[in-house]
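Colleague: what shape does this take:
(one chain, ligands or ions: 1)
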Amino acid sequence: MSILAENLVWRIGQKTVVDDVSLAVEPGMVLGLLGPNGSGKSSLLRLLAGLRRPVSGRVMLDGRDIARTPRRDLARRVALVQQHASTEINVSVEEVVRLGRTPHRSALSGWTRADQQAVDMALDQVGMTGFRRESWHGLSGGERQRVHIARALAQEPRELFLDEPTNHLDIQHQLELLRLIPKLGLTSIVALHDLNHAAMFCDRLLVLDRGRVIRHGTPAEVLTPDLLRDVFRVECDFLQQEQGFHILFRR
Ligand SMILES: Nc1ncnc2c1ncn2[C@@H]1O[C@H](COP(=O)(O)OP(=O)(O)OP(=O)(O)O)[C@@H](O)[C@H]1O
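Modeller: Modelled structure (predicted):
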């Protein structure tokens, strides 16, 4: 397994935010993480990326416990694109993406061809090459989001965690990004709110509610009318199409 989490628990004060979560993702697969607001998706992603330590349970990447993995090794293989990430200082787009190379560089080595190639490719993958010299502060919310993803890709991770990556993006860029993720060949976990997008682009889905895993499996196994009613509190119909199903929400 590329990503394996066993019985993760995380609390803040008296509140159990992540409650006995286990999951497994095979190499190259995309797992969609679903759940209502406050269900623990962001908190779980931070535990999986090693930014938070669980109260109990463990996360294994390629069979190695991340609690015993040196920070630098972890930073070389895992990238997390968080919500509301921001940069205060006045920098160019390319400079933001170059930060993704930090874990690969030593204090003595200069900027290498491999570093530049990784940055060029990452900018290209998110369609931001033309913006490389622009100031970060002049970008729209969606453009910033794409630059954050480029920074994560420049890191050349093996595991990619994305927290609502389509936030702020127009529909064209939402679809482009969701199409890109499976093509990267990385093992990915993506927190999403759009259930149709999750069904279209993820191999497997996992639904959280109040920190607990309610269901996991293929999109067709997970997204059923009873789950949408019980967890998301919506009534819907399902439209069966050649390329899969589509959820129609009732007015
Ligand atoms: N640092 C923190 N301090 C206090 N409460 C926290 C903290 N981190 C998470 N929580 C609480 O834990 C719960 C889960 O939050 P989390 O952000 O993980 O949910 P989420 O599923 O990502 O939500 P959303 O869909 O709204 O982004 C929320 O009730 C939140 O207020």
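Colleague: now stretch 118-125: how far from the chain's centre is it?
Modeller: Between the centre of stretch 118-125 and the centre of its chain there are 18 Å (CA atoms, centre = their mean, to the nearest Å).
Colleague: the residue sitting nearest the centre point of the chain pairs with what?
Modeller: When CA atoms, centre = their mean is applied to the chain, the residue found nearest the centroid is Leu162 (1.5 Å). Beta bridges link Leu162 to Val81, Val190, judged by DSSP bridges.
Colleague: residues in contact with it?
Modeller: Contact analysis of Leu162 by CB atoms under 8 Å, 6 or more residues apart in numbering lists Leu80, Val81, Ile149, Ala152, Ile181, Ser188, Ile189, Val190, Ala191. C-beta: built from backbone N, CA, C; applies to glycine.
Colleague: for the ligand, tell me which of those residues show up nearby.
Modeller: Among the contacts of Leu162, proximity to the ligand is found for none (CB under 6 Å from any ligand atom).
Colleague: those residues into TSV, with extra columns for pLDDT?
Modeller: Output for the contacts of Leu162, formatted as TSV (pLDDT from 0 to 100):
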residue	pLDDT
Leu80	95
Val81	93
Ile149	91
Ala152	95
Ile181	91
Ser188	97
Ile189	98
Val190	98
Ala191	98
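Colleague: reformat these as TSV; add distance to Trp10 and neighbour count.
Modeller: Output for the contacts of Leu162, formatted as TSV (distance: CB to CB, whole Å; neighbours: other CB atoms under 10 Å):
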residue	distance to Trp10	neighbour count
Leu80	15	21
Val81	20	21
Ile149	25	25
Ala152	22	25
Ile181	25	18
Ser188	21	26
Ile189	16	27
Val190	20	27
Ala191	15	24
